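Participant: could you look at this predicted model? Sequence included:
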Amino acid sequence: MNTPISEDDLHAWADGQLDAARLTRVEAWLAAHPEQRAQAEEWRAQAAGLHRAFDRVLDEPLPARLLPAANAGRWLDARKLAAVAWVVLGVIAGYVLRGETARDPAPVAVASLPRQAAVAHAVFTPEVRHPVEVGADQEAHLAAWLSKRLGAPLQPPHLDQAGYRLVGGRLLPGDSGEVAQFMYENAARNRLTLYLRPAAPKQADTAFRYAQEKGIDVFYWTDSRFGYALSGNTGREDMLRLAELVYRQNER
């Protein structure tokens, strides 16, 4: 007897793990259920984005001291892949910068900021149905929720004068706690993201710094409350102008 199509089937479809017979049944079911198909396609797109960001890293040798943890589990579905990728990113950053951490954690936190922001940008900006957790129509709730979770007051900057409207925001796991991401979009559907991470111990104010991570332009800086990273692909000069606009609003 054929078993009903379950959510596990949809995740297996997104991960490319169905056998031929089950694949035929699931695809026929998805053809008749467009809303569920859109969700499954979104999971597939998320997984593809994470593979693009991390497959090169996964081909590198794992440090010997991390091997026991690597054997704890081998198969991950699309729901778990994003969370695990963020943990892996934190482990790799901590391993690479381990010598610096013993001396002063603040420079290490600043150094990892653009890479983490760019990965978050690459994963979530392609999303169509669910690019954010809380939309701009609930801006007050979004600000209150993220302020509580990050332990410091924050407001999403307004970039309307530069042609970008707030789409909304989301909470993400970071390498040492939770972080926030705000997303913006212009009339041409170009998207920016602002990544905010709570300040590291002894973190001081810094000037703007620029990095390019896999084709993504990132301007980043810190103050006593947060580390900030603005990511996009509109060119260095335009990104600097936008970063200055964000900075001025945060200084108020």
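Facilitator: Sure, I can see it.
Participant: is it correct that residue 221 is in contact with residue 247?
Facilitator: Yes. With contacts defined as CB atoms under 8 Å, residue 221 counts as touching residue 247 at a distance of 6.8 Å. Where C-beta positions appear, they are placed from N, C-alpha and C, glycine not excepted.
Participant: who touches both of these two?
Facilitator: Common contact partners of residue 221 and residue 247 (CB atoms under 8 Å, 6 or more residues apart in numbering): 208, 228.
Participant: let me know the helix or strand that the residue lying closest to residue 164 once chain neighbours are set aside is in.
Facilitator: Spatially, and ignoring its direct neighbours in sequence, residue 164 is nearest to residue 184 (4.0 Å; CB to CB, 6 or more residues apart in numbering). Using DSSP states H and E, residue 184 falls within strand 178-185.
Participant: may I have that strand as CSV, with CA atoms only?
Facilitator: Only the C-alpha atoms of strand 178-185 are listed here, as CSV (Å, rounded to 0.1, in the frame of the first residue of the first chain):
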residue,chain,number,x,y,z
GLU,A,178,22.4,35.2,18.7
VAL,A,179,22.6,37.8,15.9
ALA,A,180,20.1,39.9,13.9
GLN,A,181,19.7,40.5,10.2
PHE,A,182,17.7,43.3,8.6
MET,A,183,16.9,43.1,4.9
TYR,A,184,16.2,45.9,2.4
GLU,A,185,15.1,46.0,-1.2
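Participant: residue 221 and residue 247: which is more packed in?
Facilitator: Comparing residue 221 with residue 247 by other CB atoms under 10 Å, the one with more neighbours is residue 221, at 20 against 17.
Participant: now do the contacts for the residue nearest the centre of the chain.
Facilitator: With distances taken as CA atoms, centre = their mean, the residue of the chain nearest its centroid is residue 120 (2.1 Å). Going by CB under 8 Å, 6+ apart, residue 120 touches 172, 179, 181, 193, 195, 231.
Participant: in ChimeraX, select just the buried ones from the residues you listed.
Facilitator: Burial among those is assessed by 16 or more other CB atoms under 10 Å; the matching ChimeraX selection reads:
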select :172,179,181,193,195,231
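Participant: now render the contacts of residue 120 as JSON lines, adding distance to residue 207 and pLDDT.
Facilitator: Shown next, in JSON lines, are the contacts of residue 120 (distance: CB to CB, whole Å; pLDDT from 0 to 100):
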{"residue": "172", "distance to residue 207": "26", "pLDDT": "90"}
{"residue": "179", "distance to residue 207": "22", "pLDDT": "92"}
{"residue": "181", "distance to residue 207": "23", "pLDDT": "97"}
{"residue": "193", "distance to residue 207": "21", "pLDDT": "98"}
{"residue": "195", "distance to residue 207": "18", "pLDDT": "97"}
{"residue": "231", "distance to residue 207": "18", "pLDDT": "96"}
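Participant: for the contacts of residue 120, which one is nearest residue 212?
Facilitator: Checking those against residue 212 with CB to CB, the nearest one is residue 231 at 10.2 Å.
Participant: quick one, the one helix or strand that closest one maps to and strand 178-185 angle?
Facilitator: Here residue 231, judged by DSSP H and E, is contained in strand 226-232. In terms of direction (axes from the mean of the first three to the mean of the last three CA atoms, to 10 degrees), strand 226-232 departs from strand 178-185 by 30 degrees.
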